[in-house]
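Q: Give me a 3D structure for the following:
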Amino acid sequence: MQPITTALCSFGMSGLVFHAPFIAANPKFSLYGVLERTKNLAQEKYPLVKTFRSLEDLLSDDAIELVVVNTPNITHYEFAKKTILAGKNLIVEKPFTATVAEAEELIALAKQKKVTIAVYHNRRYDSDFLSLKKVLDSGVLGTIVEAEFHYDRYKPELSKKVHKEVPTGAVGSLYDLGSHLIDQALQLFGTPDAVFADIAAFRPNSQVGDYFDLKLFYPAHRVILKSSYFVREPLPENILHGTKGSFIKTKADVQEQDLQAGKTPNATHWGIEPDADKGILHTEKNGIVIKEKITSLKGDYMLYYDAIYDAIRTDKTVPVSAEEGMEVIRVIEAALQSNLEKRVVPLSSN
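A: Okay, the predicted model is just below:
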């Protein structure tokens, strides 16, 4: 097995929590380098890692096979384009780009340069999403009538990261948190026919959206996606209603909190939720109404990196394609248009 020599484009929360631990713990990868313009935080945690002071220096290193573009949202397009032109395989953090036009250009360029490109929608590997999908696929709820997904927080203060509060492209909770919910909705139900959105900024002095309420219109059901920074006591974050019954599940995946606490992905009981967070299934089976708790599936972001290895080394399908990442941006653009024009916006996919 030849490990994939990998470099990160930053070492903030994304690099420290969501990427470096999985690359370092997976024998299929080698954490080779990190771009840090002034600090050496990566070397402090991973002494063998090489620190680069510029993207150009990183991309000129022939040893690097895979680059993770995990920089601020507005820079994804620029960093990804330079990475592709350098002939490197790449993972682009969500949201893929600020616009569909940027995504289309990167996809075409990656094909031209024959490099592997994927988007990091890791929440597909959350325990709650995997459990929700299993219930949905089982058909036990009958025909779905309505689904509602939340990504709420209580965080009324502005972010200390200035770039997150400047009203530029790809900034705001719709891009940051909404991209997770939209990707999951698309995975479960496909592309909606139309979108209606209400987007607002409720934090004092906020210049970017920190609240959204999206309704996705499908031929036979509706999907509601919501997020607010003023939810101290959250409602269930995952709700499915069908013609036979309902499934309700909290957002209880433990991976992020364990990573922030310094645990590694190879820890015992990784990705296993507490029993208290089991979902509630209330439906009808064989003419009998039942209400029971459902044990959640194990969450595991490492599955994403395993699939990336297979895509690069054996030419298998990437875990999240650039085209799928682009469809998330297409819904976001429709939502922004809907909010601006106060109307339902039809959604067309190329």
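Q: Next, work out how far apart the closest residue to residue 245 other than its chain neighbours and residue 132 are.
A: Of all residues not flanking residue 245 in the chain, residue 283 sits nearest, at 2.5 Å (Cβ to Cβ, 6 or more residues apart in numbering). (Glycine included, C-beta is placed from N, CA and C.) The spacing between residue 283 and residue 132, counted by Cβ to Cβ, to the nearest Å, is 14 Å.
Q: Tell me which of those two has more neighbours.
A: Using other Cβ atoms under 10 Å, the more surrounded residue of residue 283 and residue 132 is residue 132, with 26 against 21.
Q: how about the more buried one, secondary structure?
A: Following DSSP: H, G, I helix; E, B strand; the rest coil, we place residue 132 in the helix state.
Q: what does the one 3 residues further on give?
A: Each residue gets one of three states, and residue 135 gets helix by three-state DSSP.
Q: can you pull the contacts of the closest residue to it other than its chain neighbours?
A: Leaving aside its sequence neighbours, residue 135 sits nearest to residue 247 (Cβ to Cβ, 6+ apart; 4.8 Å). Residues in contact with residue 247 (Cβ atoms under 8 Å, 6 or more residues apart in numbering) are 132, 135-136, 141, 238-240, 279-283, 294.
Q: Equivalent analysis for residue 234, please.
A: 150, 152, 250-251.
Q: Okay, it and residue 30: tell me how far apart.
A: Separation of residue 234 from residue 30 (Cβ to Cβ) stands at 39 Å.
Q: care to break the chain down by domain?
A: Structural domains assigned to the chain are 4-122+303-318, 124-299+331-346, following automatic domain parsing.
Q: how about JSON lines for those domains, with distance to residue 325 and mean pLDDT added?
A: Output for the domains of the chain, formatted as JSON lines (distance: least, Cβ to Cβ, whole Å; pLDDT from 0 to 100):
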{"stretch": "domain 4-122+303-318", "distance to residue 325": "3", "mean pLDDT": "97"}
{"stretch": "domain 124-299+331-346", "distance to residue 325": "8", "mean pLDDT": "96"}
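Q: okay, those, which one's buried deepest?
A: domain 4-122+303-318 (a mean of 19; mean count of other Cβ atoms under 10 Å).
Q: contacting residues around residue 66?
A: Contact analysis of residue 66 by Cβ under 8 Å, 6+ apart lists 4-7, 29, 88-91, 308, 312.
Q: Please repeat the previous calculation with a cut-off of 6 Å.
A: When contacts are counted by Cβ atoms under 6 Å, 6 or more residues apart in numbering, residue 66 touches 4, 6, 89.
Q: Next, it: phi, psi?
A: phi -130, psi 130 (degrees, to the nearest 10).
Q: For it, give its distance to residue 18.
A: With distances taken as Cβ to Cβ, residue 66 is found 15 Å from residue 18.
Q: do residue 194 as well
A: Using Cβ to Cβ, residue 194 is found at 33 Å from residue 18.
Q: Let me see the ranges of the helices in this protein.
A: For the chain, applying DSSP state H gives helices covering 13, 20-25, 41-45, 55-59, 76-85, 100-113, 127-138, 173-176, 178-189, 255-260, 302-314, 322-341.
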